[in-house]
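Enquirer: Predicted coordinates and the sequence they were generated for:
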Amino acid sequence: MAQYLIAALYKFVRIEDPAALREQVLALCTDAGVKGTLLIAGEGINGTIAGSEAGMRHVLATLSAMPALGAITHKESRADHEPFHRMKVRLKKEIVTMGVEGIDPNKIVGTYVKPRDWNALISDPEVVVIDTRNDYEVAIGTFRNAVDPRTKSFREFPAWVEAQANLHNKPRVAMFCTGGIRCEKSTAFMKEQGFEEVYHLEGGILKYLEEMPAAESLWQGECFVFDERVAVGHGLEQGHYDLCRACRRPIDEADKATPTFELGVSCPHCFDETTEAQKASCRERQRQVDLAEARGAAHIGVRQELDLGEDDAIEGQQ
């Protein structure tokens, strides 16, 4: 069995004192040797953590026993190598940033669809299927015939919906994301926009890939996750992508064969997005990484990376 247990979790729950909870959660995870990132806001908690079996079981049980949170469901996977280098618990305005005031999944949300029932729903020609993730996630995998909004961050999703007048011609809308949290907010938003039949994949793509046999699957490609695995496939097996350490986007062997790829500095996706000064900074960081590896140490300094949206990065597990 792989050494590290990974848990992706989120819960929309009213938290009266996020700052106090942050200190409790940080101490809990640190003492248990658990690493990763958790976001805490007045609307709930969201994130992905990893550690030893014993440490993770202790943390997960303690979180669910906290009066401020209550029972939290999570999705598990495993890795042979440590997915995270440090533990961060951050205070946020939203646990996944949509930027629309008043959206509360505890009050209104779409209809959950189990993975085993998802194929039938999205195969109905009267259903429009929408991928709520960002363009760099969709690029390496999505469901057959899904609409790609081509958003750079989840903040762009409401504006995209409002610009799609033709969506109202389809009476039924099915939405999906990596693990469920973006759909909690996006389906709530769709309902408030007047869409009556709105559905979303319960547990997200990760749950579908975990439960659905590859032979019966309508998923094409791999699912991007924001940790050292980069992407996963059916059975949540690690995929075939690496990560550009400059922009945090997934890259494959073809990308690494291009003239614009430089390890730790640039890739075809970000080469034109950074200045020479930024590339020089990334180049120096990569030099420090190489030196640390030569010493047999891990380099976990500040990443020089483009802003892909931290809240979206956390949702990458969700």
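Expert: Good, I have the coordinates.
Enquirer: Quick one: the helices in the stretch 151-300 of the chain, in order.
Expert: For the stretch 151-300 of the chain, applying DSSP state H, counting those that start in this stretch gives helices covering 157-163, 181-192, 204-211, 253-256, 276-294.
Enquirer: closest one to Gly33 among the ones you listed?
Expert: Proximity to Gly33, assessed across these by Cβ to Cβ, is greatest for helix 276-294 (21.2 Å). (Each C-beta comes from the backbone N, C-alpha and C, glycine too.)
Enquirer: Just the element for Lys47, please.
Expert: Not quite, residue 47 is Gly, not Lys. If you go by DSSP states H and E, Gly47 is part of strand 44-51.
Enquirer: Below-threshold pLDDT in the stretch 1-150 of the chain: ranges please.
Expert: Residue ranges of the stretch 1-150 of the chain with pLDDT under 70: 1.
Enquirer: Now with 90, please.
Expert: Applying pLDDT under 90 to the stretch 1-150 of the chain flags residues 1-3, 73, 75-83, 85, 101-102, 104, 106.
Enquirer: quick one: the strands in it?
Expert: 4-12, 35-41, 44-51, 74-79, 87-91, 111-113, 127-131, 141-143 (DSSP state E, counting those that start in this stretch).
Enquirer: how much space between Pro105 and Ala8?
Expert: Distance, Pro105 to Ala8, using Cβ to Cβ, to the nearest Å: 17 Å.
Enquirer: So the two - more neighbours on which side?
Expert: Between Pro105 and Ala8, Ala8 has the larger neighbour count (other Cβ atoms under 10 Å), namely 29 against 18.
Enquirer: for Asp124, phi and psi?
Expert: With angles defined as degrees, to the nearest 10, Asp124 sits at phi -70, psi 120.
Enquirer: Name all residues that make contact with it.
Expert: Arg172 (Cβ atoms under 8 Å, 6 or more residues apart in numbering).
Enquirer: What's the separation between the closest residue to Ile95 other than its chain neighbours and Glu273?
Expert: Leaving aside its chain neighbours, Ile95 sits nearest to Asn46 (3.8 Å; criterion: Cβ to Cβ, 6 or more residues apart in numbering). Relative to Glu273, Asn46 is positioned 27 Å away (Cβ to Cβ).
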